[in-house]
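1. what's the 3D shape of this:
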Amino acid sequence: MNERGRADDRTVFERDGYACVHCEAEGDGPADLDVYRIDDDGDAPANRELLASVCERCHGTLRGDPPGWRRRLGTDPADGLLALLREVTTTQGSAVADVADFAATATGGVDADDEAARRRYLDDRRRVRLALAVVDRHLAGAGAETVDLGDDVALAFDAVRDEARTLQDLLVEVVVLAETAVAAAGRCHACLEPVVGDPGSGGLDRCDACGTAVREASEWTADDGEVSLAALYGTVNDRLQEASATTEVLTKRTGQLAELLTGRS
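-> From the prediction side, this is the model:
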C-alpha cells in the first residue's frame, strides 16, 4: 500500500532536501511535493524511513496516472513508443548502477551506529526502491500498442519489453538479497534498528521500530545454524552479472526498435 502516511510530511521533505528522490525536481512543500511509501507492506505503520519525497509528476506515475508517452500514442504511436523507450531505458540504466552500489554497501557491512553510513544505506535504499517502482508502472502500462505500426515493430517491441522485465526482476532480486544481508547482521533492512531474534531461524516477524516484516535469512542458513554470507554474497554477484548481460541485450534490442520507430514517426 502506497499512500500519504501518518509521519509528518514536512520532516520527510526536509530530510530529502525538498526535492523529488527520483527525478530531483525541487519543490517548496505540500503544494508541489508529496510522500510515497516505498514498501508495499500494508500492515506496517508509515515510519518516515519508509517514505520518500516525490514530485507531482513522479507521484502521478506511481499512483497509476497515464504517463506522458501513453497520451502521445493516440496522435503519434511511434513517437509515444520512443518516449516509453527513453523513460524505461534511462531509469533502468541508472538503476543498474545504483542497485550495484546499494548491494556493495549492504553486503560490505553497514555500521548502523555511524550516522553517515546509516543515512547512506537508507537514502540509497529509498532511491533504488523508488526507481524500480517507477519502472514497474511504465512496464505495466506498456501493452500491445504497436499493432498499427507493423508486425516487425510489434515483435521488436515485445522483445524489448520482455528483456526489460527480465532486468527488472533481476534488480529487484539483488535489492532483496542485499536487504537480507542486513537482516542477517541483526538489523531491520528498512530502518536499520536492531531486531530481536535470529534472522537465520525464520522465526522473526516484524521490526519493533518501524513495523516492517523482517527479511528472513533462513534460506541461507548452514547446517551449523549460522547464515552463510559467502553463499548469499555469491548469489548477489551472480545476479549482478546476469543483470549486466541482460542490459547489453536490452541495449541492442532497444536500438533496433528505435531504428524501426524513427522511420515511422
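2. tell me what the helix or strand bottoming out on mean pLDDT in the chain is packed against?
-> Every helix and strand of the chain was ranked by mean pLDDT, DSSP states H and E. The lowest is helix 68-73, at a mean of 79. With contacts taken as 3 or more CB pairs under 8 Å, 6 or more residues apart in numbering; DSSP states H and E, helix 68-73 sits against helix 77-107. Backbone N, C-alpha and C define where each C-beta goes, glycine included.
3. The helix it packs on: what's the following helix or strand?
-> Under the assignment DSSP states H and E, the closest C-terminal helix or strand after helix 77-107 is helix 115-140.
4. so how far is Pro67 from Arg125?
-> Computed as CB to CB, to the nearest Å, the Arg125 to Pro67 distance reads 25 Å.
5. how about Gly27, phi and psi?
-> phi -150, psi 170 (degrees, to the nearest 10).
6. So it sits against Asp16, correct?
-> No: here Gly27 lies out of contact with Asp16, judged by CB atoms under 8 Å, at a distance of 9.8 Å.
7. Give the residues shared as contacts by the two.
-> By CB atoms under 8 Å, 6 or more residues apart in numbering, Gly27 and Asp16 have these common neighbours: Ser53.
8. Which of those two has more residues huddled nearby?
-> In terms of neighbours (other CB atoms under 10 Å), Asp16 is the more surrounded of Gly27 and Asp16; the figures are 21 against 18.
9. got the contact list for the closest residue in space to the more buried one that isn't next to it in sequence?
-> Using CB to CB, 6 or more residues apart in numbering and skipping residues adjacent in sequence, the residue nearest Asp16 is Ser53, 3.9 Å away. Listed by CB under 8 Å, 6+ apart, the contact partners of Ser53 are 12-13, 15-16, 18-21, 27, 33-36.
10. let's go with 6 Å and repeat that
-> 12-13, 16, 21, 33 (CB atoms under 6 Å, 6 or more residues apart in numbering).
11. Return the distance of it relative to Trp220.
-> Separation of Ser53 from Trp220 (CB to CB) stands at 34 Å.
12. domain assignment for this protein?
-> Per automatic domain parsing, the structural domains of the chain span 1-65, 68-262.
13. Centre of the chain to the last one, how far?
-> Its chain's C-alpha centre lies 5 Å from the corresponding centre of domain 68-262 when counted by CA atoms, centre = their mean, to the nearest Å.
14. Ok, the shortest one next?
-> Mean-position distance between domain 1-65 and its chain equals 14 Å (CA atoms, centre = their mean).
15. Can you give me the pLDDT of Ala117?
-> Note for Ala117: predicted pLDDT of 95.
16. Do you have the strands of the stretch 101-250 of the chain handy? List them.
-> Ranges of strands in the stretch 101-250 of the chain, per DSSP state E, counting those that start in this stretch: none exist.
17. any low-confidence regions in it?
-> Within the stretch 101-250 of the chain, the ranges that satisfy pLDDT under 70 run 143-147, 197-204, 225.
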